[in-house]
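Colleague: Build me a structure from this.
(2 chains)
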There are 2 protein chains.
Amino acid sequence: MIPLRGVPAVQAGDDLAALVAAAAERAGGLEDGDIVVVAQKVVSKAEGRVVALADVEPSAFAQGAAGDRDARHLEVILRESARVVRMRSPLVIAETRHGFVCASAGVDASNAPAAGTLVLLPLDPDASAGRIRARLTERTGRRVGVIVSDSFGRPWRQGTTDVAIGVAGVRALLDLRGERDPTGYELRTTTIATADEIAGAAELVMGKTAGIPAALVRGLDVAGDGSARELVMPPDRDLFR
Amino acid sequence: MIPLRGVPAVQAGDDLAALVAAAAERAGGLEDGDIVVVAQKVVSKAEGRVVALADVEPSAFAQGAAGDRDARHLEVILRESARVVRMRSPLVIAETRHGFVCASAGVDASNAPAAGTLVLLPLDPDASAGRIRARLTERTGRRVGVIVSDSFGRPWRQGTTDVAIGVAGVRALLDLRGERDPTGYELRTTTIATADEIAGAAELVMGKTAGIPAALVRGLDVAGDGSARELVMPPDRDLFR
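Modeller: Predicted structure coming up:
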């Protein structure tokens, strides 16, 4: 796990892959099979997925439900939500249009470009990962995987862990069903969320306050054609809808 | 992340820390600050937390609810449960006496010592981690942290990730509340489940079918006095009870 330092503040329209490639170059260069983990925040900023509160007109519902908080902030969260899963002011747990269930539908004021702005999730984070991957290959000639990561809370457990919300060139899930353990027992239900574990591992060297928005994970044999869509539990298998 | 290979099959009463220390020695030796991640399965086996189905008398409830499955297996799950959270045969999501919410209350037939046996979670996994840590220090003179890991599913997301169910000498949570991001914004709600991310990272080099029950994670500055109890969401803060 190698932190990629020195990525400058990212603005809408920036060539994020070029900034990451330059940081990787300073860290010794990319190698075939590397996984480049990029924080959602900088991906969203590069894609211009930023809203200024001053431009938001809150609905009557948002005004009524906002309580002490800025109704415009709640309005943005509700616009990003396909479904509100839980609401206990100021907390909103929502399902996004991508199918992710997370706090505030992924809307976040931390590490935003300026005071009074909010950063939204990318419209299609798998596509974001794919574009970054293609551009990294173009610039470096290396065959790498890309994961776009974000910090999600979990029911029943304290604290967030980083998970994969966009995947390109990496196996998202490792399906061990039908494999046997060393004693010959056939594993019946084991599927491992490899891409989520990689995103969490990368977070350990990135850090929200240190301004390190990307990391390399090297030495894992996880190339594949996974997507973050695969990490979303299908509604008919979801015991918690 | 360094896999610890060559740990032999673990039996009740084995000195697991000595087996792990020997494997670490073959991998170049422990260093101060290393985190030793040990799979729950071998911890439980060393502690004799194994039940033979032949010794289990299922209750009438377990017989009625078991459907196609072995009622004795369901009986063991129910005995390990403080609360059943969801049940859709053959799946049981339960809260254990430790407060963990997971499939089958952590009861598992894979990597069990023999056919017809089930492995249970340790009675007190933080204490298990503490004992392994003390014994590792005794044998190697190194100050290390220990995490006992297990694979948990998550609502809304496919696949398991490894999380920390026992912690000793490692910070479990990183509390960033009150810290500021590089733009000066104060992080209000961010607490990171560091120990869970470390457990997930270690899983990437361990593997359920490869017989690698432990790994070292080196180079992180995460020494502390955390516990897995801290990772359990207190009921009054839990939106998903």
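Colleague: Please settle this for me: is A:Val37 part of a strand?
Modeller: Yes - with DSSP: H, G, I helix; E, B strand; the rest coil as the criterion, A:Val37 is assigned to a strand.
Colleague: Could you give the number of residues near it?
Modeller: Neighbour count of A:Val37, defined by other CB atoms under 10 Å in any protein chain shown: 31. Any C-beta I mention is one placed from the backbone N, CA and C, and that applies to glycine too.
Colleague: What confidence value was assigned to it?
Modeller: pLDDT recorded at A:Val37 is 98.
Colleague: For it, give its distance to chain B.
Modeller: Counting by CB to the nearest CB, to the nearest Å, the gap from A:Val37 to chain B is 12 Å.
Colleague: Tell me who's in contact with the closest residue to that residue other than its chain neighbours.
Modeller: Spatial nearest neighbour of A:Val37, chain neighbours left out: A:Ala202 (3.7 Å); criterion: CB to CB, 6 or more residues apart in numbering or on different chains. With contact set as CB atoms under 8 Å, 6 or more residues apart in numbering or on different chains, A:Ala202 has these partners: A:Met1, A:Val37, A:Ile147, A:Ser149, A:Asp162, A:Ala215, A:Val217.
Colleague: So which of these belong to strands?
Modeller: The members of those that map onto strands under DSSP state E are A:Val37, A:Ile147, A:Ser149, A:Asp162, A:Ala215, A:Val217.
Colleague: Among those residues, which one sits closest to B:Glu197?
Modeller: Closest approach between these and B:Glu197, by CB to CB: A:Asp162, at 6.9 Å.
Colleague: ok, the closest one - how many residues close by?
Modeller: A:Asp162, neighbours per other CB under 10 Å, totals 28.
Colleague: and it, how far is that from B:Leu53?
Modeller: A:Asp162 sits 39 Å away from B:Leu53, going by CB to CB, to the nearest Å.
Colleague: okay, now the domains of chain A?
Modeller: A:1-47+A:123-233, A:50-121 (automatic domain parsing).
Colleague: As TSV, these with distance to B:Leu239 would be great.
Modeller: Listed next are the domains of chain A as TSV, based on distance: least, CB to CB, whole Å:
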stretch	distance to B:Leu239
domain A:1-47+A:123-233	7
domain A:50-121	4
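Colleague: okay, those domains, which one's buried deepest?
Modeller: Greatest average neighbour count among the domains of chain A goes to domain A:1-47+A:123-233 (a mean of 21), per mean count of other CB atoms under 10 Å in any protein chain shown.
Colleague: distance between the ends of that one?
Modeller: Using CA to CA, to the nearest Å, the span of domain A:1-47+A:123-233 from its first residue to its last is 28 Å.
Colleague: need the contact list for A:Ile132.
Modeller: So A:Ile132 contacts A:Leu16, A:Ala17, A:Val20, A:Val36, A:Val38, A:Val43, A:Val146, A:Val148, A:Ala168 (CB under 8 Å, 6+ apart).
Colleague: which other residues reach the worst-scoring helix or strand of chain A on mean pLDDT?
Modeller: Least confident element among the helices and strands of chain A, by mean pLDDT, DSSP states H and E: strand A:174-175 (a mean of 92). Strand A:174-175 is touched from outside by A:Thr191, A:Ile192, A:Thr194, A:Val222, B:Gly159, with contacts defined as CB under 8 Å, 6+ apart.
Colleague: Can you pick out the most distant pair from these?
Modeller: For the contacts of strand A:174-175, the farthest-apart pair by CB to CB is A:Thr191 and A:Val222; their separation is 14.2 Å.
Colleague: A:Ile147 and A:Gly169 touch, don't they?
Modeller: No - counting by CB atoms under 8 Å, A:Ile147 does not reach A:Gly169; the two are 9.2 Å apart.
Colleague: Pull up the overlap in contacts between those two.
Modeller: Residues touching both A:Ile147 and A:Gly169 by CB under 8 Å, 6+ apart: A:Ala129.
Colleague: can you pull out the strands in chain A?
Modeller: Using DSSP E, the strands assigned to chain A run over residues A:2-3, A:35-39, A:50-52, A:81-88, A:91-96, A:101-103, A:117-119, A:145-154, A:157-168, A:174-175, A:191-192, A:214-217.
Colleague: Make TSV from the ones you listed and add distance to B:Arg135 to it.
Modeller: TSV is the format used below for the strands of chain A (distance: least, CB to CB, whole Å):
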stretch	distance to B:Arg135
strand A:2-3	33
strand A:35-39	35
strand A:50-52	52
strand A:81-88	43
strand A:91-96	42
strand A:101-103	40
strand A:117-119	47
strand A:145-154	31
strand A:157-168	28
strand A:174-175	32
strand A:191-192	29
strand A:214-217	31
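Colleague: Nearest to B:Arg154, out of these?
Modeller: For B:Arg154, the closest of those is strand A:145-154, at 5.9 Å, according to CB to CB.
Colleague: Mind listing the strands that closest one pairs with, and their directions?
Modeller: strand A:35-39 (parallel), strand A:157-168 (antiparallel) (DSSP bridges).
Colleague: Excluding covalently adjacent residues, which one is nearest to A:Ala66?
Modeller: Take A:Ala66 and drop its neighbours on the chain: the residue closest to it by CB to CB, 6+ apart is A:Leu74, 4.7 Å away.
Colleague: Give me the pLDDT value at the one you found.
Modeller: 96.
Colleague: just A:Thr183 next, same as before
Modeller: For A:Thr183, the model assigns a pLDDT of 73.
Colleague: before we move on, what about A:Leu239?
Modeller: The confidence metric pLDDT takes the value 89 at A:Leu239.
Colleague: Report the separation between it and B:Leu91.
Modeller: Counting by CB to CB, the gap from A:Leu239 to B:Leu91 is 7 Å.
Colleague: cool, A:Thr190 as well?
Modeller: 14 Å.
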